[in-house]
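Novice: any chance you can model this:
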Amino acid sequence: MDDKLKAAGQNYGNGFTCSQSVFCAYADEMGIDSDTACRMMEGFGGGIGGLQEVCGALAAACAIVSYYSCDGKPNMEKRQKTYAQVRKAAELFRHEYGGITCREVLHGEKPKAFQCGIKIKDTVMIIERLLNEMEETKV
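Specialist: So this is what the prediction gives:
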């Protein structure tokens, strides 16, 4: 987990969005080159394109959890398990920050540069918790 925390923090310190910072910390492990990962996730920053909707860090967490939960095939049983993990990520995030949107997390203020460093760290910790739980429950 320390490597992921460090990578996400460095990404954010280098000016990437919250969504890019979190997602790109896992990109190599998922077999996605960092440039592609950063390009994919840029629009999720600031609560999806700066709209202050679903937090970009949480959106990245959902993408990462989905990657590890889904097998890439249309399977309703696996989809329900993925949805359950995504809901759990959202609930853990909501518990920590009082909501899942930038508007809620930032108390109505517009996102500012380097405002969400702690949120990025906490999101990586949520991801690691869920991935560990998923690994423990594999049969």
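Novice: tell me where this protein has helices.
Specialist: Applying DSSP state H to the chain gives helices spanning 2-13, 18-30, 34-41, 56-69, 76-97, 102-105, 117-136.
Novice: other SSEs contacting the second one?
Specialist: Contacts defined by 3 or more C-beta pairs under 8 Å, 6 or more residues apart in numbering; DSSP states H and E place helix 18-30 against helix 2-13, helix 34-41, helix 56-69, helix 117-136. All C-beta atoms are positioned from the backbone trio N, CA, C, and that covers glycine.
Novice: which of these is buried the deepest?
Specialist: Counting by mean count of other C-beta atoms under 10 Å, helix 56-69 has the highest mean neighbour count of the helices and strands packed on helix 18-30, with a mean of 23.
Novice: next, the angle helix 117-136 makes with it.
Specialist: Interaxial angle of helix 56-69 relative to helix 117-136 (axes from the mean of the first three to the mean of the last three C-alpha atoms, to 10 degrees): 20 degrees.
Novice: now find how far off-centre helix 56-69 is within its chain.
Specialist: 5 Å (C-alpha atoms, centre = their mean, to the nearest Å).
Novice: just want the angle from it to helix 34-41.
Specialist: Using the same axes, to 10 degrees, the direction of helix 56-69 lies 120 degrees away from that of helix 34-41.
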